[in-house]
Structures are given as structure tokens and as C-alpha cells.
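Participant: Here you go, sequence then predicted model.
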Amino acid sequence: MNRWRSFAMAVLIAMVIFLPAPGTWAQGRDPLEPVGDAGQVVLPAAALIMTYAHGDDDGTAQFIKAFALAQFVTGALKLTIDSRRPNGGEFSFPSGHTASAFAGAAFLHRRYGWRYGGPAYMLATVVGISRITSNNHWPGDVLAGAAIGIGANWILTTGYQPHGASIAPAIIGESPGLAIALAF
């Protein structure tokens with residue numbers, strides 16, 4: 001199965017598990033709100049599914065640490081700042097939904113590249129937009145949540161290096177040759 005198909009399958013599995021049934025969507029509710037509610041879980045779930053699909057135990061550990069850091073920072077800021085939401089609720093800053101979605105997207109990007117990261121960032125952006133259009137967050141709350149989710153992964157996630165060997169042309173000094181790398 002190619003990588004795009006693997007990513008799409010991971011997202012679909014997570015959506016089936018976590019997306020609410022259309023009959024449960026409240027009338028008068030912003031139509032994007034349920035998508036945002038599901039996306040905050042779907043993207044992190046897809047990230048974990050992808051570590052399993054790659055047999056990537058190091059990636060699983062890195063994701064758990066980065067996701068936990070993003071959640072900790074988000075929770076600490078919510079309790080410390082306690083700003084009002086556009087709908088009058090409490091704990092607006094930063095957006096936890098957005099931090100969670102972008103933590104999943106940024107992990108997929110940092111660990112497995114843009115092939116997974118690009119679509120994941122698009123889905124995470126929809127989560128952020130849903131938080132604004134549903135009147136749950138201000139744009140600054142969403143931007144801060146995205147920065148937290150991305151930042152945690154830039155700190156704690158490294159690129160995936162599958163086990164195996166690679167050979168590449170190299171020039172050492174003025175002499176051509178081959179560089180051989182073994183990963184184990």
C-alpha cells in the first residue's frame with residue numbers, strides 16, 4: 001500500500017471511530033463544529049495509526065511526548081489566562097481543539113514528511129476554522145493552539161529513518177566515491 005493510501009486509510013479509520021453520526025448534530029449548530037470536534041481526535045489518532053503502520057516504536061514514543069507537551073502547555077495557559085470566549089464561556093486561550101489537531105498534523109509532517117503532513121495540515125486548518133465559525137474561539141486562540149501543537153513537535157519529533165542500508169555518490173576532497181549508510 002503506498003503512503004498516500006496508508007494515510008488516507010488511517011484518517012478514515014479514525015473518522016469512523018470518532019466522527020459523530022449526522023443525526024446527533026444539533027440543529028442551529030455551525031455545520032463545521034462537529035468536524036472540528038472530531039478532528040481534534042482524528043488527527044492524533046491518525047498519527048498513532050501511522051506509527052503502527054510503519055512499525056515505528058520510536059515514532060510512537062515521540063508522538064506521545066509531543067502530544068502530552070502540547071496538551072500540558074495548552075491546559076496551563078487556559079488556567080493561567082482564563083480569557084472569555086466569543087460565546088461568553090471561559091478558558092478561551094488557547095484553542096485546545098486546534099492544539100490537538102495541529103499536534104497530530106505536525107507529527108505526521110516532521111516524522112514522515114509533507115506527503116502526510118500536507119493533507120494533515122489542511123485538515124487541522126479546518127479544525128481551527130471550525131472553532132472560529134462556531135463562536136468558540138477568537139482567531140488568536142486558534143493561532144496560539146496551532147503554534148503550540150506545531151512547536152511541541154518541532155522540539156520533540158525527528159524524521160523517520162527506516163532500518164536498512166543506503167548508498168549514495170559522494171565526493172571526499174577531490175575524489176569521487178560512494179557513501180554507505182547503515183541504519184539499525
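Facilitator: Thanks, I have it. Residues are numbered from 1 along each chain as shown.
Participant: for residue 83, helix, strand, or coil?
Facilitator: Put simply, residue 83 is coil when judged by DSSP: H, G, I helix; E, B strand; the rest coil.
Participant: ditto for the one 4 residues further on
Facilitator: Following three-state DSSP, residue 87 is assigned to coil.
Participant: gap between it and residue 115?
Facilitator: Distance of residue 87 to residue 115, computed by Cβ to Cβ, to the nearest Å: 37 Å. For the C-beta atoms, the positions are set from N, CA and C on the backbone; glycine is no exception.
Participant: Next, count neighbours for the residue lying closest to residue 91 once chain neighbours are set aside.
Facilitator: Closest residue to residue 91 apart from its sequence neighbours, by Cβ to Cβ, 6 or more residues apart in numbering: residue 78 at 4.3 Å. Other residues within reach of residue 78, judged by other Cβ atoms under 10 Å, total 19.
Participant: what's residue 78 in contact with, if anything?
Facilitator: By Cβ atoms under 8 Å, 6 or more residues apart in numbering, the contact set of residue 78 is 91-94, 96.
Participant: picking that back up, so between residue 87 and residue 115, which is more surrounded?
Facilitator: Using other Cβ under 10 Å as the criterion, residue 87 and residue 115 rank with residue 115 on top: 15 against 10.
Participant: neighbouring contacts of the strand or helix carrying that one?
Facilitator: Using DSSP states H and E, residue 115 maps to helix 114-133. Contacts to helix 114-133, defined as Cβ under 8 Å, 6+ apart, come from residues 3-4, 7, 11, 30, 32-33, 35-37, 39-40, 42-43, 46-47, 50, 95, 97-98, 101-102, 104-106, 108-110, 137-139, 141-143, 145-146, 149.
Participant: sorry, back to before: how far away is the residue nearest to residue 91 from residue 151?
Facilitator: For residue 78 relative to residue 151 (Cβ to Cβ), the value is 16 Å.
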